[in-house]
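**Student:** Quick one: sequence plus predicted model below, questions after.
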Amino acid sequence: MKLSFRWYGANDNIKLDYIKQIPNMYSVVTAVYDIPVGEVWPMERILTLKHQAESANLKMEVIESVPVHEDIKLGYPSRDKYISAYIENIKNLAKAGVKCICYNFMPVFDWTRTELYKEGKDKSTSLAYYPEQLKNIKPLSGEFNLPGWDASYAKEDLKKLFESYSQINNEKLWENLKYFLEAIIPTAKSVGINMAIHPDDPPWPIFGLPRIITNEANLDRFLKLVDCPNNGLTFCTGSLGADKSNDLVSMVDKYVKQGRIHFMHVRNIRYAQGGFEESAHDESAGSLNIIGIMKALSDNGFDGYLRPDHGRMIWGEKGKPGYGLYDRALGASYLNGVWETLKKLK
Ligand code: DNO
């Protein structure tokens, strides 16, 4: 595995040197955050990020995310213009040495939680999702603001978007995803970029909006839409694991064998109140079979990128919910330990 760590660019108050000091750290996972969705990222902005990473002896081989414009998900005629820009981004990122692009195809909202500062017994705080609380969130009331999201997703006119999506059911969303993939994957292939779709988080419809990247049957369907190794997955254990019927270990085993997992997001969750709370990465801290997942990767010689995912807020750290330094660094070290042990025992 190539260990990596999400870094939010120059505005991130986590220093690159600190990231590099995490044992075995190889690459940052980053993006150009302030260019509106659907536009081409200027080459010099991409190169600035790369040079910053390299000056701390880190690679910049993974981009998370190049966001997909809503018109593409909605299948509007304007999608072709946004797809052309997406293709330019793929080409430019390849020129800068990027190997993997993470993106998602969730209508309107990226990951959704109902609490950002749920206090645990040890007084750490973490992200949580309780279905009962979700019922009380009214996205159109204007009070809805989850600061953990990529800012780029939150800027659009929500009411108009919701109206537009009333015409889009799951099947229509599949069609629009296929159209997008058929347009971009040939370029990704020719420039050596692996596209890695992120599953829907949580993996079920929210606020009446369709969600399709949710379980094994749908991942199988997704991979067949364009059956090419460059059309692959970000396998996010916390997202897929929120649905107890997803057998994560056998899914990882199957998709690594198929060469379709390009990027792993590893984190643990604890099932609670019909939903979940994010826990420390350690297997014993939550409900997921983290060691089994790491073993499936190790047994199959996984050589893609892996990052610790959301951490709790500990030791008084203040920062972007899920994206502090300390608990993600503990998570990385835990995953390193599991990985080294598995290797040694082979
Ligand atoms: C949450 C992240 C997601 C992810 C996007 C990929 O912490 O895993 O926001 O970056 O869904 O496009």
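**Tutor:** Happy to help now that I have it.

**Student:** wait, doesn't Tyr271 sit right on Lys244?
**Tutor:** Yes - the pair Tyr271 and Lys244 qualifies as a contact (C-beta atoms under 8 Å) at a distance of 7.0 Å. All C-beta atoms are positioned from the backbone trio N, CA, C, and that covers glycine.

**Student:** out of those two, which sits in the busier spot?
**Tutor:** Taking other C-beta atoms under 10 Å, Tyr271 and Lys244 do not tie; Tyr271 has more neighbours (14 against 9).

**Student:** quick check, the more buried one in a strand?
**Tutor:** Yes - the assignment for Tyr271 is a strand, going by DSSP: H, G, I helix; E, B strand; the rest coil.

**Student:** Contact partners for it?
**Tutor:** Counting by C-beta atoms under 8 Å, 6 or more residues apart in numbering, Tyr271 makes contact with 244, 287.

**Student:** run the last query once more with 6 Å
**Tutor:** Ser287 (C-beta atoms under 6 Å, 6 or more residues apart in numbering).

**Student:** any weak-confidence spans in the stretch 151-300 of the chain?
**Tutor:** Applying pLDDT under 70 to the stretch 151-300 of the chain picks out residues 151-156.

**Student:** which bits of it sit near the ligand?
**Tutor:** Contacts of the stretch 151-300 of the chain with the ligand, taken as C-beta under 6 Å from any ligand atom, map to 198, 265.

**Student:** Enumerate the beta-bridge partners assigned to the residue of the stretch 151-300 of the chain at minimum distance from the ligand.
**Tutor:** The ligand sits closest to His198 of the stretch 151-300 of the chain, with a gap of 3.8 Å, by C-beta to the nearest ligand atom. The partner list for His198 in beta bridges (DSSP bridges) reads Asn104.

**Student:** residues in contact with it?
**Tutor:** His198 neighbours (C-beta under 6 Å, 6+ apart): 102, 104, 234, 236.

**Student:** Phi, psi for Tyr255 please.
**Tutor:** Reported as degrees, to the nearest 10, the phi and psi values for Tyr255 are phi -80, psi -30.

**Student:** With the one 10 residues further on instead?
**Tutor:** In terms of degrees, to the nearest 10, the main-chain angles of His265 are phi -110, psi 110.

**Student:** doesn't Leu233 make contact with it?
**Tutor:** No - counting by C-beta atoms under 6 Å, His265 does not reach Leu233; the two are 10.3 Å apart.

**Student:** Who has more neighbours out of those two?
**Tutor:** The neighbour count for His265 versus Leu233, taken as other C-beta under 10 Å, is higher for Leu233 (28 against 25).

**Student:** residues contacting that one?
**Tutor:** Contacts here follow C-beta under 6 Å, 6+ apart; on that basis Leu233 touches 196, 260-261.

**Student:** Out of those residues, name the ones that lie in helices.
**Tutor:** Of the contacts of Leu233, none are assigned to helices by DSSP state H.

**Student:** Looking at neighbours, which among those is most surrounded?
**Tutor:** Ala196 (28 neighbours).

**Student:** ok, Leu74 - how many residues close by?
**Tutor:** Counted with other C-beta under 10 Å, the neighbours of Leu74 add up to 18.

**Student:** Need the pLDDT of it.
**Tutor:** Looking at Leu74, its pLDDT reads 97.

**Student:** Please tell me I have it right and it contacts Glu163.
**Tutor:** No - proximity of Leu74 to Glu163 does not meet the contact threshold set by C-beta under 6 Å, at 10.7 Å.

**Student:** Distance check, the residue positioned nearest the centre of the chain against Phe263.
**Tutor:** With distances taken as C-alpha atoms, centre = their mean, His198 lies nearest the centre of the chain, 4.9 Å away. According to C-beta to C-beta, to the nearest Å, His198 stands 8 Å off from Phe263.

**Student:** got any residues that touch both of the two?
**Tutor:** Common neighbours of His198 and Phe263 (C-beta under 6 Å, 6+ apart) are 102, 234.

**Student:** Which helix or which strand is home to Tyr3?
**Tutor:** To be clear, residue 3 is Leu; Tyr isn't right here. Using DSSP states H and E, Leu3 sits within strand 2-6.

**Student:** touching the ligand at all, that strand?
**Tutor:** No - on the criterion C-beta under 6 Å from any ligand atom, strand 2-6 is out of touch with the ligand, staying 7.7 Å away.

**Student:** Report the backbone C-alpha coordinates of the following helix or strand past that strand in PDB.
**Tutor:** Next helix or strand after strand 2-6 toward the C-terminus (DSSP H and E): helix 16-20. Provided in PDB are the C-alpha atoms of helix 16-20 (Å, rounded to 0.1, in the frame of the first residue of the first chain):
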ATOM      1  CA  LEU A  16       3.200  19.200   5.400                       C
ATOM      2  CA  ASP A  17       6.200  18.500   7.500                       C
ATOM      3  CA  TYR A  18       4.000  17.100  10.300                       C
ATOM      4  CA  ILE A  19       2.300  14.900   7.700                       C
ATOM      5  CA  LYS A  20       5.600  13.600   6.500                       C
END
